[in-house]
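J.: Requesting a structural model of the entry that follows:
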Amino acid sequence: MAAKKKTLKVKQTGSPIRRPADQLATLKGLGLNKVGRVRELEDTPSVRGMVSKVSHMVQIVSE
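T.: As a prediction, the model looks like this:
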């Protein structure tokens, strides 16, 4: 039986307007580009690092 992959739901709560370009690129990399959008992402160290980089604009809905 295949192991179930851990995921986390990330919701964008802030706008990338007037933010550095690398933060906008990080949001796009997470699949977020509009406030209120929710994505379910695989729980990996790279995704966790991206979320922490833009933690002021996103919220983890559930783990």
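
J.: Do you have the helices of the protein handy? List them.
T.: For the chain, the helices defined by DSSP state H cover 21-30, 45-53.

J.: Export the ones you listed as JSON lines, with columns for mean pLDDT and distance to residue 9.
T.: Where C-beta positions appear, they are placed from N, C-alpha and C, glycine not excepted. JSON lines is the format used below for the helices of the chain (pLDDT from 0 to 100; distance: least, CB to CB, whole Å):
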{"stretch": "helix 21-30", "mean pLDDT": "96", "distance to residue 9": "11"}
{"stretch": "helix 45-53", "mean pLDDT": "96", "distance to residue 9": "11"}
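
J.: Of all those helices, which one comes closest to residue 4?
T.: helix 45-53 (16.6 Å; CB to CB).

J.: sorry, back to before: would TSV of the helices of the chain with mean neighbour count be doable?
T.: Conversion of the helices of the chain to TSV gives the following (neighbours: other CB atoms under 10 Å):
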stretch	mean neighbour count
helix 21-30	15
helix 45-53	13
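
J.: out of those helices, nearest to residue 39?
T.: Ranking the helices of the chain by their distance to residue 39 (criterion: CB to CB) puts helix 21-30 first, at 6.3 Å.

J.: Give me the contacts around that closest one.
T.: For helix 21-30, contacts defined as CB atoms under 8 Å, 6 or more residues apart in numbering pick out 10, 12, 16, 33, 39, 41, 47, 50-51, 53-54, 57-58.

J.: If we use 7 Å, what do you get?
T.: Helix 21-30 is contacted by residues 10, 12, 16, 33, 39, 41, 50, 53, 54, 57 when judged by CB atoms under 7 Å, 6 or more residues apart in numbering.

J.: rewinding a little: go through the helices of the chain and name the closest to residue 6.
T.: It is, among those and with distance given as CB to CB, helix 45-53, at 10.4 Å.

J.: Could you check the angle the closest one makes with helix 21-30?
T.: Inter-element angle recorded for helix 45-53 and helix 21-30: 130 degrees (by axes from the mean of the first three to the mean of the last three CA atoms, to 10 degrees).
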